[in-house]
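Student: Predicted model and sequence below, questions to follow.
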Amino acid sequence: MKLDVISLENKAVGTIELPDDIFGLDVRSDILQRVVRWQLARRQSGTHQTKTISMVSGTTRKPFKQKGTGRARQGSMRATQFRGGGVAFGPVVRSHAHDLNKKFRKLGLKTALSAKAREGKLVVADFAGVTGKTKDLALQVKALGWSSVLVVDGAEVDALFARAASNIPGLSFLPTQGANVYDILRRDTLVLTRAAVEKLEERLK
């Protein structure tokens, strides 16, 4: 698959060959769903917790005698049926993460890249003319029609671009190592640099 490399002035500055085994796969929503679910599960803190009967402050005395009152027997005022009592089957501190093997995670990233390529929302860009000023970059991004965009650079994001882009709404940027399925799918347009394409090929080969 061949794509034109464009500048921030929306001019073609060359072409690049994208490997079909990374950018030309069939798009399978079930793979994307599983990888996104795995990512979001790992992000959950899992620190929510409610108090059980053993954690609630209160008396340990039996509310009233077992027999002879005509009422249902009760053993503790800290039981779940009483106001101020513990919570039955409430959330506890735990990890929400689940396993997903490396081979499947790699396939998920390839599928996400292929999905953007198939939709025509994959752009390879050259940021050689970045000035480092937010105002200049914001005007260029607007002229390109990028309202929701993820930019993936090489091993490190270009310092001038990062400084200019850090305060532009709807624009996110990541180094290649941070490229992930969730962030690719949540933005409308995916922009890669030449360095990003090379690093992705190394990472996903």
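Tutor: Yep, that arrived. Numbering: from 1, shown residues only.

Student: Next one: residue 50 from residue 139, what distance?
Tutor: To residue 139, residue 50 is 51 Å away according to CB to CB, to the nearest Å. Every residue, glycine included, has its C-beta placed from N, CA and C.

Student: Report the central residue of this protein.
Tutor: Nearest to the geometric centre of the chain sits residue 182, at 3.8 Å (CA atoms, centre = their mean).

Student: can you count the residues close to residue 205?
Tutor: The tally of other residues near residue 205 (other CB atoms under 10 Å) stands at 9.

Student: related to what we said a few turns ago, would you mind listing the buried residues in the helix or strand containing the residue nearest to the centre of the chain?
Tutor: Per DSSP states H and E, residue 182 falls inside helix 181-186. Neighbour-count burial for helix 181-186, with 16 or more other CB atoms under 10 Å as criterion, is recorded at 181-185.

Student: try stretch 81-99
Tutor: Here stretch 81-99 shows 85-86 as buried, counting by 16+ other CB under 10 Å.

Student: same deal with stretch 160-174?
Tutor: Quick answer for stretch 160-174 (16+ other CB under 10 Å): 161-165, 168, 171, 173-174.

Student: Equivalent analysis for stretch 108-121, please.
Tutor: Those would be 108-117, for stretch 108-121 by 16+ other CB under 10 Å.

Student: Go ahead and name everything in contact with the helix holding residue 182.
Tutor: Helix 181-186 has contacts (CB atoms under 8 Å, 6 or more residues apart in numbering) with 32, 35-36, 39-40, 108-109, 111-113, 115-116, 150, 172, 174, 190.

Student: Out of those residues, which is nearest to residue 123?
Tutor: Closest approach to residue 123 among the contacts of helix 181-186 (CB to CB): residue 190, at 7.1 Å.

Student: And for the chain, the residue most distant from the center?
Tutor: Here the chain has its C-alpha centre computed as a mean, and the residue farthest from that point, by CA atoms, centre = their mean, is residue 68 with 61.0 Å.

Student: Wait, a helix at that residue?
Tutor: No. Looking at residue 68 with DSSP: H, G, I helix; E, B strand; the rest coil, it is coil, so not inside a helix.

Student: follow-up on the earlier one: restricted to strands, list the contacts of helix 181-186.
Tutor: Among the contacts of helix 181-186, the ones falling in strands (DSSP state E) are 150, 172, 174, 190.

Student: hmm, who's touching stretch 26-38?
Tutor: Residues from elsewhere that reach stretch 26-38 (CB under 8 Å, 6+ apart): 98, 100, 104-105, 107-109, 111-112, 114-115, 118, 181-182, 185.

Student: Looking at the closest residue to residue 73 other than its chain neighbours now. What's its pLDDT?
Tutor: Distances taken as CB to CB, 6 or more residues apart in numbering put residue 66 closest to residue 73, at 5.5 Å, once the chain neighbours are dropped. We have a pLDDT of 96 for residue 66.
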